[in-house]
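Predicted structure and sequence below. I'll ask about it afterward.
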Amino acid sequence: MPMQTVRTHPIDGQKPGTSGLRKKTAIFMRPHFLENYVQATFDGIGGVAGKTLVIGGDGRYFNDRAIQVILRMAAANEAAHCIVGQGGILSTPAASNLIRTRGADGGLILSASHNPGGPDADFGLKYNGPNGGPATESVTDKIYERTQNIECYRICAAQDVNIADQGTYDLNSMSVEVIDPIAAYVTAMEKLFDFDKIKALFARGFTMRFDAMHAVTGPYAHAILEDILGAPKGTVINGTPSPDFGGGHPDPNPIWAKELMDIMYADNAPDFGAASDGDGDRNMIVGRHAYVTPSDSLALLVAKAHLAPGYKDGLAGVARSMPTSRAADRVAASLGIDCYETPTGWKFFGNLLDAGKATLCGEESAGTGSDHVREKDGLWAVLLWLNILADTGQSVAALMEELWQTHGRYYYSRLDYEDVDSDKANAMINALRDKLADLPGTTIKGLTVEMADEFAYDDPVDGSRSTNQGLRLIIDNDARAIFRLSGTGTAGSTIRVYLEQLETDPTKLDLPPQDALSDIRAAALEVSDLVAMTGRDAPDVIT
Ligand code: VG1
Ligand code: CO
């Protein structure tokens with residue numbers, strides 16, 4: 001089969017962000033764009049000759065075409081073997097699981113996660129290493145460096161591989177194994193959770209809705225929740241993946257998963273609700289009339305994980321991203337285990353998980369996971385919740401009440417200002433950074449600033465240092481305000497403002513969160529001068 005070396009040149013805008021490279025689909029589809037990035041990835045990881053790669057994506061528009069290009073390039077770069085999810089489908093955690101269980105050298109995951117899909121929306125590509133986790137910062141830097149000096153890419157001219165049917169096919173001298181995307185993932189879940197106990201819960205009439213948001217978890221949720229655990233048909237809604245996610249925004253939060261929220265707040269609401277994102281690594285948890293913030297969900301899972309067989313010996317430690325609320329810290333302290341604080345993005349958890357320092361990890365953006373894979377895992381979190389609900393027999397609301405009565409409640413909210421002019425967003429962050437050193441001791445809107453800094457992380461395992469990871473202020477009464485720029489957007493800049501306020505008075509644990517946070521919110525807007533500097537008088541999304 002003819003192998004071609006195509007001369008090319010660096011293409012601007014191939015700098016990976018929080019989680020791989022994300023761009024408008026039309027940009028990924030431009031001549032040489034995808035090919036350049038794939039070759040830069042192969043070169044950045046030291047080549048793929050003789051290697052085994054796992055390849056799959058969330059099924060969004062261009063997923064299937066991109067996989068064919070990647071396969072032809074892997075073959076031309078002399079990879080030995082590629083394991084591909086049937087139809088090109090693999091959820092992010094399922095891909096991570098396969099890399100680990102099949103002993104692959106790494107994988108390519110095609111997804112822009114929670115970003116919308118379609119010809120006018122977003123596409124993304126991410127490399128995960130042999131531990132199954134997102135490339136570390138140093139690998140990402142090498143890939144980026146290569147995009148800056150690339151001169152050619154290698155691809156073979158060949159027919160499409162039949163990824164619609166399971167089987168093993170030849171492409172040049174490389175073999176392509178098309179596998180069931182669900183089976184290995186189910187096996188992993190069965191090992192961790194008490195499926196019989198959860199089956200009995202459903203058999204007792206426990207009701208649930210799982211909103212797959214027209215994205216990749218649909219087939220996984222149908223198989224696990226309905227077919228295996230016996231939840232009635234109809235438990236999974238929006239369970240057929242579509243290339244544009246039904247025209248929606250597959251981000252499991254109360255704004256974008258409004259359909260589920262309406263169901264869960266209706267008079268005849270089910271006992272339990274959950275949703276997942278485009279690529280299946282995020283989860284939203286909601287009880288009957290009881291939304292659970294992702295930070296609280298992490299804290300609850302830390303407190304109760306030992307009820308599931310996979311965690312019966314307790315947790316080695318826990319890790320959360322810096323903007324995630326400190327609720328998990330309080331639970332960890334009560335259990336006498338360490339709690340690590342990392343920058344935003346799952347890649348920072350990998351070393352802690354590999355070293356056995358953390359068992360559970362979580363982010364405020366609806367990501368929770370454990371050492372079973374090296375990605376966050378939406379359905380895993382749902383199953384752990386189900387295992388806990390089955391074991392305790394308590395409702396979601398009762399579990400949360402117990403958590404807050406025991407540890408206090410962190411009221412929490414994130415404000416997103418999307419598609420802000422990048423110059424203005426940078427100017428705002430730079431101005432705030434410049435005055436950080438002078439803030440401690442000053443009073444803003446009646447609140448005293450206790451600490452102000454720019455977060456940097458020293459990895460306790462490999463000693464690497466990551467700087468510029470968000471501006472944070474600790475204000476009166478253990479409140480925090482944090483500012484950072486998103487690394488997953490594809491248009492302008494997204495400013496995220498994270499607010500939290502600890503409440504330990506047992507009579508004040510049921511306030512509307514925005515009321516509880518109004519003072520810290522006013523202080524955050526004042527200190528950053530956000531409205532004047534960005535021209536935005538309100539956030540686009542409040543979660
Ligand atoms: C966002 C979230 C972050 C998450 C990342 C990837 O990043 O805040 O917590 O790890 O998305 O998630 P940013 O840089 O936009 O804040 V996923 O589900 O999009 O892979
Ligand atoms: Co995701």
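That came through, no problem. Ligands and ions are numbered 1, 2, ... in the order given.

For beta bridges, what are the partners of Val286?
When bridges are called by DSSP bridges, Val286 pairs up with Gly273, Tyr291.

Now for it: which residues touch it?
By C-beta atoms under 8 Å, 6 or more residues apart in numbering, the residues touching Val286 are Leu260, Met261, Met264, Phe272, Gly273, Ala274, Val292, Val396. C-beta: built from backbone N, CA, C; applies to glycine.

Could you tell me which ranges of this protein sit under the pLDDT cut-off?
Where the chain drops to pLDDT under 70, the residues are 1.

Got the domain ranges for it?
3-181, 185-407, 409-542 (automatic domain parsing).

Can you lay out those domains as a markdown table showing distance to ligand 2?
Formatted as a markdown table, the domains of the chain follow (distance: least, C-beta to the ion, whole Å):
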| stretch | distance to ligand 2 |
| --- | --- |
| domain 3-181 | 3 |
| domain 185-407 | 4 |
| domain 409-542 | 9 |
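
Measure how buried Val531 is and give me the count.
14 (other C-beta atoms under 10 Å).

Could you export the helix or strand that contains it as CSV, CA atoms only?
Taking DSSP states H and E as the definition, Val531 sits inside helix 530-534. C-alpha atoms of helix 530-534 as CSV (Å, rounded to 0.1, in the frame of the first residue of the first chain):
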residue,chain,number,x,y,z
LEU,A,530,-14.9,42.6,36.2
VAL,A,531,-17.9,44.4,34.9
ALA,A,532,-16.0,47.5,33.9
MET,A,533,-13.0,45.6,32.5
THR,A,534,-15.0,43.1,30.4
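
ok, residues contacting that helix?
Against helix 530-534 from outside (C-beta under 8 Å, 6+ apart): 417, 420-421, 424-425, 427-428, 431, 495, 497, 524-525, 536-537.

quick one: which of the contacts of Val286 is nearest ligand 1?
Taking C-beta to the nearest ligand atom as the measure, ligand 1 lies nearest Ala274 of the contacts of Val286, at 15.0 Å.

Let me see the contact set for the residue nearest to the closest one when sequence neighbours are not counted.
What sits nearest to Ala274 in space, not counting adjacent residues and going by C-beta to C-beta, 6 or more residues apart in numbering, is Val382, at 4.5 Å. If you count contacts by C-beta under 8 Å, 6+ apart, Val382 has them with Phe210, Ala274, Ser276, Asn283, Ile285.

Please tell me how far the closest residue to ligand 1 within the stretch 251-400 of the chain sits from Glu418.
Nearest to ligand 1, among the residues of the stretch 251-400 of the chain, is Ser365, at 3.5 Å (C-beta to the nearest ligand atom). Distance, Ser365 to Glu418, using C-beta to C-beta, to the nearest Å: 14 Å.

which of the two has more neighbours?
Ser365 (27 against 16).

Any figure for the gap between the closest residue to Leu98 other than its chain neighbours and ligand 1?
The shortest distance from Leu98 to any non-neighbouring residue, by C-beta to C-beta, 6+ apart, is to Val54 (4.8 Å). Distance, Val54 to ligand 1, using C-beta to the nearest ligand atom, to the nearest Å: 17 Å.

before we move on, what SS does Val54 have?
Following DSSP: H, G, I helix; E, B strand; the rest coil, the label given to Val54 is strand.

quick one: contacts for it?
Contact analysis of Val54 by C-beta under 8 Å, 6+ apart lists 82-84, 90, 95, 98-99, 102, 104, 106-108, 128.

On the strand side of things, show who it bridges to.
Bridge pairing for Val54 - DSSP bridges - gives Ile83, Gly107.

Equivalent analysis for Val236, please.
Residues in a beta bridge with Val236, per DSSP bridges, are Phe210.

Let me know whether it touches Ala212 as I believe.
Yes. In this structure Val236 lies within contact range of Ala212 using C-beta atoms under 8 Å: 6.0 Å.

Pick out whichever of these two has more residues nearby.
Of the pair Val236 and Ala212, Ala212 is the one with more neighbours under other C-beta under 10 Å, namely 28 against 23.

Turn the contacts of helix 530-534 into CSV, including secondary structure.
Shown next, in CSV, are those (three-state DSSP):
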residue, secondary structure
Tyr417, strand
Val420, strand
Asp421, coil
Lys424, helix
Ala425, helix
Ala427, helix
Met428, helix
Ala431, helix
Ile495, strand
Val497, strand
Ala524, helix
Leu525, helix
Arg536, coil
Asp537, coil
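
among those residues, which two are most distant?
With C-beta to C-beta as the measure, no two of the contacts of helix 530-534 lie farther apart than Asp421 and Ala524, at 20.2 Å.

who has more neighbours, these two?
Shown here are Asp421 and Ala524; by other C-beta under 10 Å, Ala524 has more neighbours (26 against 13).

Which of the helices or strands spans the spatially closest residue to the more buried one that is not a sequence neighbour?
Once flanking residues are discounted, Ala524 sits nearest to Ala481: 3.9 Å by C-beta to C-beta, 6+ apart. According to DSSP H and E, Ala481 maps onto strand 479-485.

for Cys361, same thing?
Cys361 belongs to strand 360-363 when assigned by DSSP H and E.

What is the helix or strand that comes right after that strand packed up against?
Toward the C-terminus, strand 360-363 is succeeded by strand 367-370 as the next helix or strand (DSSP H and E). Counting contacts by 3 or more C-beta pairs under 8 Å, 6 or more residues apart in numbering; DSSP states H and E, strand 367-370 is packed against helix 294-304, strand 360-363, helix 378-392.

Save the ones you listed as JSON lines, and put in distance to ligand 1 too.
Output for the helices and strands packed on strand 367-370, formatted as JSON lines (distance: least, C-beta to the nearest ligand atom, whole Å):
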{"stretch": "helix 294-304", "distance to ligand 1": "9"}
{"stretch": "strand 360-363", "distance to ligand 1": "4"}
{"stretch": "helix 378-392", "distance to ligand 1": "9"}
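
and the ones you listed, which is most packed in?
Mean neighbours per residue, mean count of other C-beta atoms under 10 Å, is largest over the helices and strands packed on strand 367-370 for strand 360-363, with a mean of 28.

Helices of the stretch 151-300 of the chain, start to end?
183-192, 195-203, 217-221, 258-264, 294-304 (DSSP state H, counting those that start in this stretch).

which parts of the second one are buried?
Applying a neighbour-count criterion of 16 or more other C-beta atoms under 10 Å, the buried positions in helix 195-203 are Phe195, Lys197, Ile198, Leu201, Phe202.

Return the member of those nearest to Gln159.
Among the buried residues of helix 195-203, Phe195 lies closest to Gln159 (C-beta to C-beta), at 41.9 Å.

Pull the contacting residues for the closest residue to that closest one other than its chain neighbours.
Excluding the flanking residues, the one nearest Phe195 by C-beta to C-beta, 6+ apart is Leu229, at 6.4 Å. By C-beta under 8 Å, 6+ apart, Leu229 lies in contact with Phe195, Ile198, Lys199, Phe202, Leu386.

Closest to ligand 1 out of the residues you listed?
Among the contacts of Leu229, and counting by C-beta to the nearest ligand atom, the member closest to ligand 1 is Leu386, at 21.2 Å.

List the residues that contact the closest one.
Phe193, Ile198, Leu201, Met208, Leu229, Phe272.

and what of Ala80?
Contacts of Ala80 (C-beta under 8 Å, 6+ apart): Gly50, Lys51, Thr52, Met174, Ser175.

Number of residues surrounding the residue nearest to Leu352 when sequence neighbours are not counted?
On the basis of C-beta to C-beta, 6+ apart, the spatially nearest residue to Leu352 that is not a chain neighbour turns out to be Ala358, at 4.1 Å. When neighbours are counted by other C-beta under 10 Å, Ala358 registers 25.

Quick check, Arg465 in contact with Tyr457.
Yes. If you go by C-beta under 8 Å, Arg465 and Tyr457 touch, sitting 7.0 Å apart.

quick revisit: pipe the contacts of Val286 into TSV and attach distance to Ile337 and neighbour count per row.
Below are the contacts of Val286 laid out as TSV (distance: C-beta to C-beta, whole Å; neighbours: other C-beta atoms under 10 Å):
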residue	distance to Ile337	neighbour count
Leu260	33	23
Met261	33	19
Met264	32	25
Phe272	27	25
Gly273	30	28
Ala274	26	29
Val292	22	23
Val396	24	24
